[in-house]
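In: attaching a predicted model along with its sequence, questions to come.
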Amino acid sequence: MNPIITVHPLTNSPTAVWDQLSKTQKSTPLPIQNPSKPVEPGKVRIVCMSDTHSLTNCFKFDVPYGDILIHAGDFTHCGQECEVIKFNDWMKSLPHRYKIVICGNHELSFDMTSAEFHYARSRTKDEPVKDMRDLLTNCIYLEDSAVTLFGLKFYGSPWQPEHGGWAFNLSRGEQCLSKWHLIPDDTDILITHGPPLGQCDKLQENRRAGCVELLATVQKRVKPMYHVFGHIHEGYGMCTDGEVVYVNAATCNVNYMPKNLPIVFDVLLPEGQIKS
Ligand code: 5GP
Ligand code: MN
Ligand code: MN
């Protein structure tokens, strides 16, 4: 039977919770794979990015090739239509067979729970409200939804614990957990904008920003092979708790400079699956 995940009593104090949890569980850094290493037959290459913040013109690196590109949100600065169009054009220019995109807190115009409010902040005066999702024609957009590619199930969710009142912000605890309850048990690769607690979520001075209920959902119920996210730019890198591999693919560093390279990993094709 599935474990029932509940709200942690100290949900609003992630640093204190991780101080406790880190006595019994680990977060081991993993080396970042060299993207020029050829992909082995029978494996799918996945390239992860996040937090590009409309700065794709300023990249000093090439995006490595892979079968699937994942972008874990914050592709714009504030969700303006021109930014979304530019991002969609950039998606088109990339050779990856599939491109999966979710939103982050900077995609103000995508948050339909408060669209008028957020959109008002990002649209030009007197412009009618449009559904920005219609502009993302060159990628697979996920919002509390899944797609299966090569027999692998990818699930994407833009929500994160509130910080600054931007898009897809929810209170820690019950509100966030209600979104994590939507993640299917059989997810192979989970994509969220924000990190779970303790895994690639470190701010300066050892403080933590991840969501404890997301960690519990990932470790106890969903158990994906990989969990890809961004949002906490300082947490860029790859680590593992011994079961799940966590990928913080934030391209921008804490100063919003797009300096971090895309993170690549290869996944064994499920039995009976072929690439062509
Ligand atoms: P962004 O504005 O791009 O979503 O996040 C940029 C930076 O804001 C992060 O790298 C991190 O320094 C800070 N930040 C984002 N969310 C949180 C949060 O929940 N708590 C704290 N303390 N800082 C955050
Ligand atoms: Mn960001
Ligand atoms: Mn963010």
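Out: That came through fine. Ligands and ions are numbered 1, 2, ... in the order given.

In: longest helix anywhere in this protein?
Out: The residue-count maximum for a helix in the chain (DSSP state H) belongs to helix 81-93.

In: buried residues in that one?
Out: Residues 81, 83-84, 86-88, 90-91 are the ones in helix 81-93 that count as buried (16 or more other Cβ atoms under 10 Å). For glycine as for every other residue, the C-beta is placed from the backbone atoms N, C-alpha and C.

In: from those, which has minimum pLDDT?
Out: pLDDT across the buried residues of helix 81-93 is lowest for E81, at 90.

In: for H106, list the residues it contacts.
Out: Applying Cβ atoms under 8 Å, 6 or more residues apart in numbering to H106 gives the contacts 53, 73-79, 166-167.

In: and which of the buried residues of helix 81-93 is nearest to ligand 1?
Out: Of all the buried residues of helix 81-93, ligand 1 sits closest to E83, with 13.8 Å by Cβ to the nearest ligand atom.

In: ok, that closest one touching H53?
Out: No. Here E83 lies out of contact with H53, judged by Cβ atoms under 8 Å, at a distance of 9.1 Å.

In: any idea which helix or strand in the protein has the lowest mean pLDDT?
Out: Lowest mean confidence among the helices and strands of the chain (mean pLDDT, DSSP states H and E): helix 115-122, at a mean of 61.

In: that older thread, intersection of neighbour lists for E83 and H53?
Out: 75-77.

In: just the closest of those residues to F154, please.
Out: F154 lies nearest to F75 out of those, by Cβ to Cβ, at 16.9 Å.

In: okay, the residue lying closest to the closest one once chain neighbours are set aside and R207: tell me how far apart.
Out: Nearest residue to F75, sequence neighbours excluded (Cβ to Cβ, 6 or more residues apart in numbering): F87, at 4.8 Å. Distance, F87 to R207, using Cβ to Cβ, to the nearest Å: 31 Å.

In: and stretch 153-165, end to end?
Out: Separation of the first and last residues of stretch 153-165 by Cα to Cα, to the nearest Å is 31 Å.

In: pLDDT of that stretch, averaged?
Out: Rounded mean pLDDT across stretch 153-165 is 96.

In: that one near ligand 3 at all?
Out: No. Stretch 153-165 is not in contact with ligand 3 by Cβ under 5 Å from the ion; minimum separation 6.7 Å.

In: that stretch near ligand 2 anywhere?
Out: No. Counting by Cβ under 5 Å from the ion, ligand 2 is not contacted by stretch 153-165; separation bottoms out at 10.1 Å.

In: in that stretch, what's buried?
Out: Neighbour-count burial for stretch 153-165 [16+ other Cβ under 10 Å]: 153-161.

In: over to stretch 197-213?
Out: Buried-residue list, stretch 197-213, by 16+ other Cβ under 10 Å: 197-203, 208-213.

In: what's the span of it, first residue to last?
Out: Using Cα to Cα, the two ends of stretch 197-213 sit 8 Å apart.

In: chain center to it, what's the gap?
Out: How far stretch 197-213 lies from its chain's middle: 15 Å, per Cα atoms, centre = their mean, to the nearest Å.
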